[in-house]
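> Provide a 3D model corresponding to the input given below.
(2 chains)
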Number of protein chains: 2
Amino acid sequence: MTSPVSSQAQENAPAPWRSSAVAHTATTFQDGFWGPRLQAMREGALPAIYEQMRADGHFDNFHKQWDGGVQRTPYVFWESDISKWIEAASYSLATHPDAALASLVDEVIAFLVAQQQPDGYLNLWYTRAEPEMRWSNLRDNHELYCAGHLIEAAVAHFQATGKRELLDAACRYADYIATVFGVEEGQRRGYPGHEEIELALVKLYHATGQARYLRLCQYFIEERGRRPHYFDSEAVARGEAPADFWATTYEYNQSHLPVREQQEVVGHAVRAMYLLSAVADLARELDDPSLQQTCERLWLHLTSKRLYITGALGSSADNEGFTNDYELPNLAAYAETCAAIGLVMWSYRMLLLDTQSRYADVLEQALYNGVLSGVASDGTSYFYVNPLESQGAYHRQPWYKCACCPPNLARLFLSLGQYLYTVNEREIMVHLYAQSTSTIELGTHKVTLHQHTNYPWDGTVEIEIEVTEPVEFGLNTRIPGWCKEAQMSIAGEEIPLKLRNGYACVRRVWNSGDRLVVYLAMPVERVYAHPAVRATTGSVALRRGPLVYCLEATDHTTPLHQLRLPRQAPLEEHFAEETLGGVTLIKGLASALESGDWSNTLYRTTPPIASEQVLTAIPYYAWGQRAAGEMRVWINEEL
Amino acid sequence: MTSPVSSQAQENAPAPWRSSAVAHTATTFQDGFWGPRLQAMREGALPAIYEQMRADGHFDNFHKQWDGGVQRTPYVFWESDISKWIEAASYSLATHPDAALASLVDEVIAFLVAQQQPDGYLNLWYTRAEPEMRWSNLRDNHELYCAGHLIEAAVAHFQATGKRELLDAACRYADYIATVFGVEEGQRRGYPGHEEIELALVKLYHATGQARYLRLCQYFIEERGRRPHYFDSEAVARGEAPADFWATTYEYNQSHLPVREQQEVVGHAVRAMYLLSAVADLARELDDPSLQQTCERLWLHLTSKRLYITGALGSSADNEGFTNDYELPNLAAYAETCAAIGLVMWSYRMLLLDTQSRYADVLEQALYNGVLSGVASDGTSYFYVNPLESQGAYHRQPWYKCACCPPNLARLFLSLGQYLYTVNEREIMVHLYAQSTSTIELGTHKVTLHQHTNYPWDGTVEIEIEVTEPVEFGLNTRIPGWCKEAQMSIAGEEIPLKLRNGYACVRRVWNSGDRLVVYLAMPVERVYAHPAVRATTGSVALRRGPLVYCLEATDHTTPLHQLRLPRQAPLEEHFAEETLGGVTLIKGLASALESGDWSNTLYRTTPPIASEQVLTAIPYYAWGQRAAGEMRVWINEEL
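Just a heads-up that it's a prediction; the model follows:
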């Protein structure tokens, strides 16, 4: 017997319901949905990315060929690929020791650290190619962005290995940066054109305990968008007219207004997500309600007006970012993989600010759809952009010249364990469901949670508790927004759903071997978009649990736009072991418009006739891995 | 009592059913649909275009500022605007003498002729800016295209006024061109990158009776696309790699294959239409079945796979031309006004090759929709491109830097009289219906036809015959493809429809005062596109008679994509005297998707609710002349 979620008692916390992060190392995924995927990232992606960087000249060019020409080939931000790879490899080393990888990482770190200048400066491009141009173009040239990734890599490597070489270099660099930028006499009142260092500085603060790094983060966030505008004066100093900024507006890098005054998510989507991740961090660290409200306001704007159903974002290639409310084209969608990764990062930080299931819902939506679509199951071919429709000419690539997504995917997935739970003194929050084992420190206790589940193919999750002695704590499990019928039981005994902020709360003394079974009804659902979304008018999407579905040409005999799914047509699901590594397929009978009777007619007054055709939908994340052809998420609907 | 057209006896001619052109001067339009429009072209467009050219520097720059820089500002083809204006003005002078205009035209002609070089060469750009580069880049630089427009202007001016100054200059230039290009030793085997001179040479042949001009036309057409490719060798001579051609393919200018081998209409749409107009001319002049079949094949390809319902063509801005079969986007439609004009020109020549109503159907479709949309009712503001959907940001302009459409519209409309009829020794073909009076030479007789009609608002046309003595001839009136019920009567007596190639044939001795009444049922029709047309899936267009309709935002309270027209909803028509100069409106009850109940939800499992809203459609040609806003031709349909 299941219960409609909406009818359950629901207590919404008036004040933020805080919890803290759990390290990714707490969790292991041996099998289930994520186990093989993470293995592919370790064994496929990590070596492939390294080899691609080497083949591309990421390492060689720093020594030999960079010439500082305006073309900037290689990219000025190639260093960040290296840093992200170190970060991803460090996450892997932390859970899966590997001497050869450890040694390779040490070698790459030594290469980086060797570039550090006596004053602490550490940037490969500028040091090699344009040493005299240091800090001359924060707006465009990713200098502080690269510093941020260097810091993230340093923290990850230190935490994985205890080795301080890169961490010390990062601290020296951050300390030097703090002398250059700030509001004191003689300092530059600059901040990055591409945000990233802000959230990295929060990590550095946590890793070192040094509050000066948090203060530097705070400076960068508070200074952003103030008048006179730093990028104006910087452009003038370069002899350029500020109005000639190629992106035409400072919305592009979210410096059009001070952060607290921003009302809408705008501009380059990855930049926006990285900035807002740091703003959420800072709101939590400073317990600053104004920053928290800024985050909540912008998060609502994004999720209610500018987010694809796949959790992807940034609809335009022109600015790699946002355009107008409800402007969510399918074929032309930019929907960069890294932006969806950024949304996972931001949503997670919103969750740390306040335990609200909507944040975890969006985290899960992005993770299983717009992020996971970015990498094939073997971990070695990628989508940089993730359209919701393809006419057959768009394919996965093993590498990109601007290769931000491969190492970003690797570092996200290889630290995936952090996203399952958060914790406070007396409660464990369960945000994501996945076959896994996690050991969590709850005050002085160690609590091990074994999730036994076939999620996302099945909505039943058994959470087995393992403790060395009975412990009283609240176990608060998320009832996803997509779930309309949920049920919980302990030892076969159904227990009432006591909901708070979308989490079902069970507080009791837990004994080893206790099993909390959560059942989340996961029927196939038809989903409709707000009528203002032009691109989806008259269309329906299919969703089951957290997974958005799509159609691929290979399963159909007519072009996909000629299929119409009747609103009342029954939809069936079945797990196909042999398809795409095992996925639940959705099937139904659709009307297929026929062209056989049209001869040489292009327009006529008789409507097209239709025949029945089985429509087969696969999870969106898996598309582009079989015979090349059309794909579409939004299916024409027949009323 | 009307008769279904399809049930009538229909005799299709096995051999081409030939007829000849009737000069535009045969026809006058005092009132009705076209009278005021042609007046606007005479009184609005002709002076406005002249003033815009003068303001732009079309005349001044030839003297002072052209510098031959690579930017080619002004355009290398600005001369053609002047020539087209002379041509249009000449058509006006032929029917509406105007001493001031005549004198202005003489002045402009004197300006042009003064540029003629001793060898006969006459091109403003090259003479002024790059004299040493003559004939160096036929592929890109419109040199022979300008020559073609000069010739057309010369013929029109000579025919209007009898003055030979420009005609003689054009003949000298054409004679010089014939020495430069050809297959003889020492000649260049070139041909134009932008076709135009070919059809102009046929006109020059008709005007002068000199067969050498037809032979030059034939050379240009036959040489086109042969191997070795002239544009390859020309590029090499300029020091360029042929593969670096910016348009990437010779399909762009239809030189990818010899014309007779071409299977599809490809490339730049205006170029294709001008070429094929000349090919049709040549097929007729030479009575060449292979050229005629080429035309028929390409005409079928265009009309069955690449033509907008508005008679517009060339869907992509990238090549100002064709892309793939059935690729007819609405919002992104390029659909250049000049391409639709070109289709009128080509369809007319197909009609001269063989009296088939389908050619006149397409001529009419383009004329009343994709061409007429190009100019506002006052004749002084234009659409260069004619999308079938606008989101509100696209507006008419008084001029364009590349201003091909304004004078092209002027010359088309000011010679519109030629398109109503064609004639052979014993028959008059009636292709278009319009309030008008035409005097036609039929053998040794003069036959005056008065069309009394409110067409296109009403499908009843009374053709009153005026002759000096009774004359026996066939009067063959087109039953349009859109018409499903037609009726004819003489003196109140219904006569059977005897159809041949889509024309109702009445052969008898006609007396002055005889009136043939043609009734063409003109109900509102729903039109559907071939299912392969992605952009129109699930949509319906409204058509009444020759007019395609559209929705404009100003008549509706929700965004147009939120309106759904039920397939069975009754549609009513009424003539609105006050709207857009008097148009028949189409109204019906549509479902309007509501967003009021969506709050901050972007996706949900409940479909949008809908309310009723009156849908109002106006003729497509008239859009963009009221409050700015959205427009769409293809309306979402509710089954």
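> could you pull out the strands for the stretch 401-550 of chain A?
Per DSSP state E, counting those that start in this stretch, the stretch 401-550 of chain A carries strands over the ranges A:421-423, A:427-430, A:436-442, A:445-453, A:460-467, A:471-478, A:485-490, A:493-495, A:499-500, A:503-510, A:515-520, A:524-529, A:539-544, A:547-552.
> buried sites along the third one?
Along strand A:436-442, the positions that meet the burial threshold by neighbour count (16 or more other Cβ atoms under 10 Å in any protein chain shown) are A:Ser436, A:Thr437, A:Ser438, A:Ile440, A:Leu442. (Glycine included, C-beta is placed from N, CA and C.)
> low-scoring stretches of chain A, by residue?
A:1-14, A:61-73 (pLDDT under 70).
> Break it down into its domains, please.
A:25-246+A:393-419, A:264-374, A:422-520, A:524-638 (automatic domain parsing).
> Show me what the nearest residue to A:Ala26 once chain neighbours are set aside is bridged to.
Nearest residue to A:Ala26, sequence neighbours excluded (Cβ to Cβ, 6 or more residues apart in numbering or on different chains): A:Ser438, at 4.9 Å. For A:Ser438, the beta-bridge partners are A:Thr27, A:Leu449 (DSSP bridges).
> Now do the contacts for A:Ser438.
A:Val22, A:Ala26, A:Thr27, A:Thr28, A:Gly417, A:Leu420, A:Tyr421, A:Thr448, A:Leu449, A:Gln451 (Cβ atoms under 8 Å, 6 or more residues apart in numbering or on different chains).
> quick one: it and A:Thr444, what's the gap?
18 Å (Cβ to Cβ, to the nearest Å).
> If we only consider the buried residues of strand A:436-442, which is nearest to chain B?
A:Ser436 (28.2 Å; Cβ to the nearest Cβ).
> Would you confirm that the closest one contacts A:Asp31?
No - taking contacts as Cβ atoms under 8 Å, A:Ser436 lies outside contact range of A:Asp31: 9.4 Å.
> Helix, strand, or coil at the residue nearest to A:Tyr621 when sequence neighbours are not counted?
Take A:Tyr621 and drop its neighbours on the chain: the residue closest to it by Cβ to Cβ, 6+ apart is A:Leu372, 3.8 Å away. Assigned state for A:Leu372: helix (three-state reduction, DSSP: H, G, I helix; E, B strand; the rest coil).
> How many neighbouring residues does A:Leu372 have?
25 (other Cβ atoms under 10 Å in any protein chain shown).
> ok, now the one 4 residues further on?
Neighbours of A:Ala376 under the rule other Cβ under 10 Å: 18.
> Now do the phi/psi pair for A:His142.
With angles defined as degrees, to the nearest 10, A:His142 sits at phi 60, psi 20.
> Which residues are in contact with it?
A:Val76, A:Phe77, A:Ser80, A:Pro192, A:Gly193, A:His194.
> what about the first one, how many neighbours?
Each residue near A:Val76 was counted by other Cβ under 10 Å, and the total is 23.
> do the third one as well
Taking other Cβ under 10 Å as the criterion, the count of residues near A:Ser80 is 26.
> Three-state assignment for the residue of the stretch 251-400 of chain A found nearest chain B, please.
Using Cβ to the nearest Cβ, the single residue of the stretch 251-400 of chain A nearest to chain B is A:Ser304, 4.0 Å away. Here A:Ser304 is recorded as helix under three-state DSSP.
> do the same with A:Ile586
A:Ile586 - assigned by three-state DSSP - is strand.
> A:Glu572 is in contact with that one, correct?
Yes - with contacts counted by Cβ under 8 Å, A:Ile586 reaches A:Glu572, the gap being 7.2 Å.
> So for the two, which sits in the more crowded spot?
A:Ile586 (22 against 11).
> tell me the contacts of the more buried one?
Here A:Ile586 is in contact with A:Val524, A:Leu542, A:Arg544, A:Tyr549, A:Leu571, A:Glu572, A:Glu573, A:Thr616, A:Ala617 (criterion: Cβ under 8 Å, 6+ apart).
> In which helix or strand does A:Leu589 reside?
Here A:Leu589, judged by DSSP states H and E, is contained in strand A:583-593.
> Tell me which residues of that strand come out buried.
Quick answer for strand A:583-593 (16+ other Cβ under 10 Å): A:Val583, A:Thr584, A:Leu585, A:Ile586, A:Lys587, A:Gly588, A:Ala590, A:Ser591, A:Ala592, A:Leu593.
> To what extent is A:Ser611 buried, counted in neighbours?
Neighbours around A:Ser611, by other Cβ under 10 Å: 12.
> can you check A:Ala114 too?
9.
> How about the one 5 residues further on?
Counted with other Cβ under 10 Å, the burial measure for A:Asp119 works out to 13 neighbours.
> Does it touch A:Tyr176 like I think?
Yes - using Cβ under 8 Å, A:Asp119 is in contact with A:Tyr176, at 5.6 Å.
> what packs against whichever helix or strand comes after the strand holding A:Leu589?
Sequence-wise, the next helix or strand downstream of strand A:583-593 (DSSP H and E) is strand A:603-604. Strand A:603-604 is packed against strand B:524-529, with contacts defined by 3 or more Cβ pairs under 8 Å, 6 or more residues apart in numbering or on different chains; DSSP states H and E.
> So which other helices or strands are in contact with the strand it packs on?
Applying 3+ Cβ pairs under 8 Å, 6+ apart, we find strand B:524-529 packed against strand A:603-604, strand B:539-544, strand B:571-576.
> Go through those strands and pick out the most buried.
Comparing these by mean neighbour count (mean count of other Cβ atoms under 10 Å in any protein chain shown), strand B:539-544 comes out on top with a mean of 23.
> what's across from the residue nearest to A:Glu441 when sequence neighbours are not counted in the sheet?
Take A:Glu441 and drop its neighbours on the chain: the residue closest to it by Cβ to Cβ, 6+ apart is A:Val423, 7.4 Å away. Using DSSP bridges, the beta-bridge partners of A:Val423 come out as A:Ser20, A:Ile428.
> Next up, the contacts around A:Val423.
A:Ser19, A:Ser20, A:Val22, A:Met429, A:Ile440, A:Glu441, A:Leu442.
> Now render the residues you listed as TSV, adding distance to B:Leu516.
Shown next, in TSV, are those (distance: Cβ to Cβ, whole Å):
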residue	distance to B:Leu516
A:Ser19	89
A:Ser20	92
A:Val22	90
A:Met429	86
A:Ile440	94
A:Glu441	98
A:Leu442	97
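> So which of those residues is the closest to chain B?
Nearest member of the contacts of A:Val423 to chain B, counting by Cβ to the nearest Cβ, is A:Met429, at 23.9 Å.
> If I follow the layout properly, that closest one ends up in contact with A:Ile440?
No - assessed by Cβ under 8 Å, A:Met429 is found out of contact with A:Ile440, at 10.3 Å.
> list residues touching both of the two?
With Cβ under 8 Å, 6+ apart, A:Met429 and A:Ile440 have common neighbours A:Tyr421, A:Val423.
> For the nearest residue to A:Ala627 once chain neighbours are set aside, which three-state class applies?
Nearest residue to A:Ala627, sequence neighbours excluded (Cβ to Cβ, 6+ apart): A:Thr554, at 4.2 Å. What three-state DSSP gives for A:Thr554 is helix.
> Same check on A:Gln30?
Per three-state DSSP, A:Gln30 ends up coil.
> give me the number of residues near it?
A:Gln30, neighbours per other Cβ under 10 Å, totals 12.
> From the contacts of A:His142, pick the one nearest B:Arg37.
Checking the contacts of A:His142 against B:Arg37 by Cβ to Cβ gives A:Gly193 as the nearest, at 54.6 Å.
> what's the spacing between that closest one and A:Leu199?
16 Å.
> who's more crowded, these two?
More neighbours surround A:Leu199 than the other of A:Gly193 and A:Leu199, with 28 against 25 (other Cβ under 10 Å).
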